[in-house]
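> What shape does this take:
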Amino acid sequence: MKFRLESIKRKKEFEYLFANGIRISYDKLRAIILFKSKAELDNEPRKIFYAVFVSKKATKKSVVRNRIKRLLRESLRLLARTEMVEKINVIKYLYLNWTSAPKRPCEIRLHDVFPLVHCIIEKAYNNFWQNPERSN
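You can find the predicted model right below:
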């Protein structure tokens, strides 16, 4: 099944996500995730709203920040097309925050970012099934 990845644009959506989402961290990546309700799991179309963020504290160079953002988005696209489809389906809002970065853009590649995003999605999926009352 195909997913539509759409970016979060409204301030109210960000506030709702930060207030009600669960926080998951793994290595250099932090995530805030809000799950779908039981009724939303059954409905089509499948949409995931996401946002990626790399602060100036992580790296001062905008080239590096933008490269990490592109790699995070591409990792999400790849996961939405692979065996992770069922695991991604439980997520409604996803906010990814990268905390530390190298000095040059050539020092970070997709194979550095992809496993971290994969692990965050795995942790979120396990959390969803362990705490089903947390889904909204």
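> Show me the helices in this structure, by range?
Per DSSP state H, the chain carries helices over the ranges 11-20, 38-42, 62-81, 85-88, 110-130.
> Can you show me the CA trace of the lowest-mean-pLDDT helix or strand in the chain as CSV?
Every helix and strand of the chain was ranked by mean pLDDT, DSSP states H and E. The lowest is helix 38-42, at a mean of 79. What follows is helix 38-42, C-alpha atoms only, in CSV (Å, rounded to 0.1, in the frame of the first residue of the first chain):
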residue,chain,number,x,y,z
LYS,A,38,-8.3,2.8,15.9
ALA,A,39,-10.8,4.4,13.5
GLU,A,40,-8.0,6.2,11.6
LEU,A,41,-6.1,2.9,11.1
ASP,A,42,-9.0,1.5,9.1
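> I68 reaches F53, doesn't it?
No. Under the criterion of Cβ atoms under 8 Å, I68 is not in contact with F53, lying 9.7 Å apart. The C-beta positions use only the backbone N, C-alpha and C, and glycine is treated the same way.
> Neighbour count for those two, which is higher?
Legend: neighbour count by other Cβ atoms under 10 Å for I68 and F53, higher for I68 (25 against 15).
> For V64, the count of nearby residues, please.
21.
> these two touch, right, it and C106?
No. Under the criterion of Cβ under 8 Å, V64 makes no contact with C106, lying 9.5 Å away.
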